[in-house]
Every structure is written in structure tokens, then in C-alpha cells.
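Undergrad: Need the 3D shape of this:
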Amino acid sequence: MKTISTLLTSLFFTTSIFATATKGTASLTVKSADKAAIVVVVDGQRYDLGSNSVMISDLEACDHNVTVYGEKPDASVSCFEKTYDVLFNSSVNLKSRSNLVIAIDACGIITMDESKAKTQRLGDNWQGSNYNGIDYAAGTGYSKAINNNEFSRVLWAIGKESAETNKIRSAEQIINTNYFTVGQVKQLLQLFNCEDSKLELAKLAYDKTVDQSNYYAVNDIFNYTSSKDELARCIRTH
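TA: Modelled structure (predicted):
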């Protein structure tokens, strides 16, 4: 898609980071509230993107051993030529056509949230081609949601931005030029720590979501009831 390629080029990122795997049917997202870079190791494979958010696509739907390291100058673990704290070390189960988000807050508390993907993944035997059985590209004004590979690269590119304003600008450009599932909207919003940023982007993304009847699920990413109420109000008055 031309718009996505243009964005990634402008951010000096390559589109070949996430390799295609024919057996991949799930994805894993790890994000830390700390701004320091994290390293994710899945079944011995290292994923180091130099940011506090990593999304790994095309993983086999099964149990995986996951370790997350957080870069710290005075940490006790020395590896990868730097010093790290071990933030997470456990086995996780990834399910077919799902994305598991492991979020680590500033106090080291772990939360995990699993969302089901609506789109077909490479190597999956799911035969559906449209959302909810509807062809949104046929005379409805909607197109198919951004595909998983492109979306993975988008999340990675936005996650690399250190300034919140730059992340918001990139996210707004992506939202304005693509369509999404509710699950993808949630993944995008989880890249942001500021509640106000999440809320404004959630409002913007509603029009560009192909399964709007499920939009209530976006409330999961908010910390405050006032944010949920404000989003509901905007949707009602839309």
C-alpha cells in the first residue's frame, strides 16, 4: 500500500523487518511503560528493535517461552553487551488468529490482553475473506482493514518514536488513510501512555473501523471511567 510505504520510508525504517512465515498464525506484542529499550526473546530468538514496544508477527499458535529484558545502566543481568533487568520470564500460549499483548507498567506489574484478529493470517486455513461476511469494498465506502504484515510494521515504526507528539502525528496519518478492525485499534492505542492521546485517537479511529458494533472493546485500554464515558458520548452523537 503506497501510503504505508511512504510513511515507513519517511521514518527511515525498512519494510523487511518482519519475515514471512508460512506457519504463522498468531502475534505477540510486548510493551513497557518505561521509555528504555526492551529485548524480547521468544524460544531463543532475539527481537531487539531499540524501542520500548515490540510486536512479533507470524508466530505459530502454541506455547512459547518468552523472556523480556529491560535496559538499565545499573541492572544485575549482563547480556547482549549491555546490562538489563529481567522484566518477564514465562511460557505463554498463543492462539490462532490472535494477538497477545504483554504490558509492563512502571512498577513492573504485568498485564496480558488477548484479542482475536478478524483478518486471515498467512498459513491459516480460515477461508473467510470479508469482515462479518460483508464485502466492505463493494459499494459501501469501506475497504478491507490494513493487512497484518503492514500493520505490524506500522506499530513498530510508531513505537520507535520517542516523542509523544511524533507518535500521535504518525498514528493520525495512518488512521486517516486506512481502515482497521477493533482489535487493531486497541493495539495501536496501547502504544500510547497518555490517556488523552488514547482518547483522541480512539475518537478519530471510529469512522475508520470496519466492525464498529464491537467498538465497546476499545474501552479496555482506558484507565479512567471518564474516558470511556467521553468516547461513548462521541459515538452516540456521531
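
Undergrad: I'd like to know how many residues surround the nearest residue to Ser53 once chain neighbours are set aside.
TA: Nearest-residue entry for Ser53: Gly159, 3.5 Å, with adjacent residues in sequence omitted and distances by Cβ to Cβ, 6 or more residues apart in numbering. All C-beta atoms are positioned from the backbone trio N, CA, C, and that covers glycine. As a burial measure, Gly159 scores 21 neighbours (other Cβ atoms under 10 Å).

Undergrad: Which of the helices or strands spans Gly159?
TA: Secondary structure from DSSP states H and E places Gly159 in helix 148-160.

Undergrad: That helix: what's the following helix or strand?
TA: Counting by DSSP H and E, what follows helix 148-160 is helix 164-176.

Undergrad: which other helices and strands contact that next one?
TA: helix 2-10, helix 148-160, helix 182-189, helix 195-206 (3 or more Cβ pairs under 8 Å, 6 or more residues apart in numbering; DSSP states H and E).

Undergrad: and for it, what are the contacting residues?
TA: Helix 164-176 is contacted from outside by 3-4, 7, 11, 146, 154, 157-159, 161, 188, 191-194, 197, 200-201, 204-205, 208, using Cβ atoms under 8 Å, 6 or more residues apart in numbering.

Undergrad: let's see 7 Å
TA: For helix 164-176, contacts defined as Cβ atoms under 7 Å, 6 or more residues apart in numbering pick out 7, 154, 157-158, 161, 188, 191-192, 194, 197, 201, 204-205, 208.

Undergrad: Next, the angle from it to helix 195-206.
TA: Orientation of helix 164-176 against helix 195-206 (axes from the mean of the first three to the mean of the last three Cα atoms, to 10 degrees) gives an angle of 10 degrees.

Undergrad: related to what we said a few turns ago, with Ala106 as the reference, name the closest of the helices and strands packed on helix 164-176.
TA: helix 195-206 (14.4 Å; Cβ to Cβ).

Undergrad: Let me know the angle separating the helix or strand that that closest one is followed by from helix 195-206.
TA: Using DSSP H and E, the helix or strand that follows helix 195-206 in sequence is helix 225-236. Orientation of helix 225-236 against helix 195-206 (the same axes, to 10 degrees) gives an angle of 20 degrees.

Undergrad: Which strands and helices lie in contact with helix 225-236?
TA: helix 195-206 (3 or more Cβ pairs under 7 Å, 6 or more residues apart in numbering; DSSP states H and E).

Undergrad: list the buried ones in the helix it packs on?
TA: Buried residues in helix 195-206, counting neighbours by 16 or more other Cβ atoms under 10 Å, are found at 197-202, 204-206.

Undergrad: and if you look at stretch 206-215?
TA: 206, 208-211, 215.

Undergrad: Ok, stretch 61-72 next?
TA: 61, 64, 66-71.
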